[in-house]
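**Student:** Structure of the sequence below:
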Amino acid sequence: MDWLHKSLAAPVKQVTHAGLFPAIEHMSEYAETLDTLDREQPANTLLKNDGADEAEREAIEAKIRSRDLHTVLDQFMDSASFDRDEYFLCQHDDVGRLAAKLHKTVGSMPFSERFTFCLAPIKVSDRLAYTMLEQFATAWAANRPTALNVRFPKHAPTNVLDLTDLCVKHNIIDLYLWLSHRCVQM
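**Tutor:** Numbers count the residues shown, from 1 in each chain. Alright, predicted model coming up:
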């Protein structure tokens with residue numbers, strides 16, 4: 001308790017830099033802008049233009065949907081401009097790794113949904129958590145309900161391995177709850 005009182009009494013350091021990370025809306029708009037630049041014609045104009053060919057509209061939507069999220073994120077981070085004296089870009093490596101791993105699984109989803117799955121709170125190195133994320137994403141892409149299939153031990157952990165297993169299961173439940181707040185039909 002003494003440590004807590006000392007910590008609360010310590011002076012607060014002045015924050016000199018703030019971290020920035022793009023929101024889903026920023027990334028979706030940026031992906032559409034990339035398609036606009038690729039075609040030298042605004043994708044939104046073609047999509048809204050009643051005179052545009054239906055096949056052409058579907059092709060544009062498919063291109064936006066199939067664009068590799070990892071590449072878009074890297075391009076966004078490279079081209080972002082901001083005041084470097086006051087801000088920095090947050091690490092995006094894990095989001096990029098998840099995007100690369102999930103590309104085949106979530107490739108048919110709209111861009112914003114793919115980005116949401118890539119923001120999931122898991123460790124990329126945790127195989128079981130990644131497998132569960134992939135199962136959730138596959139079910140979501142197929143418009144199927146997802147069941148949480150986690151079995152807890154009947155007894156309290158007795159060693160580090162048991163405790164690690166329990167922590168992994170807790171992380172999977174946390175992932176499920178996190179996704180359930182963002183993907184309402186889950």
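
**Student:** that's a strand at F88, yeah?
**Tutor:** Yes - secondary structure of F88 (DSSP: H, G, I helix; E, B strand; the rest coil): part of a strand.

**Student:** Next, count neighbours for it.
**Tutor:** 12 (other C-beta atoms under 10 Å). C-beta: built from backbone N, CA, C; applies to glycine.

**Student:** That one pairs with what?
**Tutor:** With DSSP bridges as the criterion, F88 is bridged to G19.

**Student:** how near is it to N159?
**Tutor:** Using C-beta to C-beta, to the nearest Å, we find F88 at a distance of 41 Å from N159.

**Student:** what's the longest helix along the chain packed up against?
**Tutor:** Criterion DSSP state H: the longest helix present in the chain is helix 160-182. With contacts taken as 3 or more C-beta pairs under 8 Å, 6 or more residues apart in numbering; DSSP states H and E, helix 160-182 sits against helix 127-141.

**Student:** Which residues outside the helix it packs on are in contact with it?
**Tutor:** By C-beta atoms under 8 Å, 6 or more residues apart in numbering, the surrounding residues in contact with helix 127-141 are 98, 101-102, 105-106, 108-109, 113, 117, 120, 122-124, 145-146, 168, 171-172, 175-176, 179, 183, 185-186.

**Student:** hmm, which of those residues are the buried ones?
**Tutor:** Among the contacts of helix 127-141, those classed as buried by 16 or more other C-beta atoms under 10 Å are 98, 101-102, 105-106, 109, 113, 117, 120, 122, 124, 146, 168, 171-172, 175-176, 179, 183, 186.

**Student:** Can you give the distance from stretch 87-97 to the centre of its chain?
**Tutor:** Distance of stretch 87-97 from the chain centroid (C-alpha atoms, centre = their mean, to the nearest Å) equals 11 Å.

**Student:** Show the end-to-end separation of that stretch, please.
**Tutor:** 24 Å (C-alpha to C-alpha, to the nearest Å).

**Student:** Contacts for that stretch next, please.
**Tutor:** Contacts for stretch 87-97 (C-beta under 8 Å, 6+ apart): 17-21, 70, 73-74, 77, 80, 82, 118-119, 123-124.

**Student:** what's the strand or helix carrying H70 packed up against?
**Tutor:** Using DSSP states H and E, H70 sits within helix 69-79. Using 3+ C-beta pairs under 8 Å, 6+ apart, the elements in contact with helix 69-79 are helix 24-39, helix 93-106, helix 111-118.

**Student:** in the shortest one, what counts as buried?
**Tutor:** Neighbour counts over helix 111-118 (16+ other C-beta under 10 Å) mark F111, E113, R114, F115, T116, F117, C118 as buried.

**Student:** re earlier: kindly reformat the helices and strands packed on helix 69-79 as TSV containing mean pLDDT and distance to L8.
**Tutor:** Output for those, formatted as TSV (pLDDT from 0 to 100; distance: least, C-beta to C-beta, whole Å):
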stretch	mean pLDDT	distance to L8
helix 24-39	79	36
helix 93-106	83	32
helix 111-118	86	37
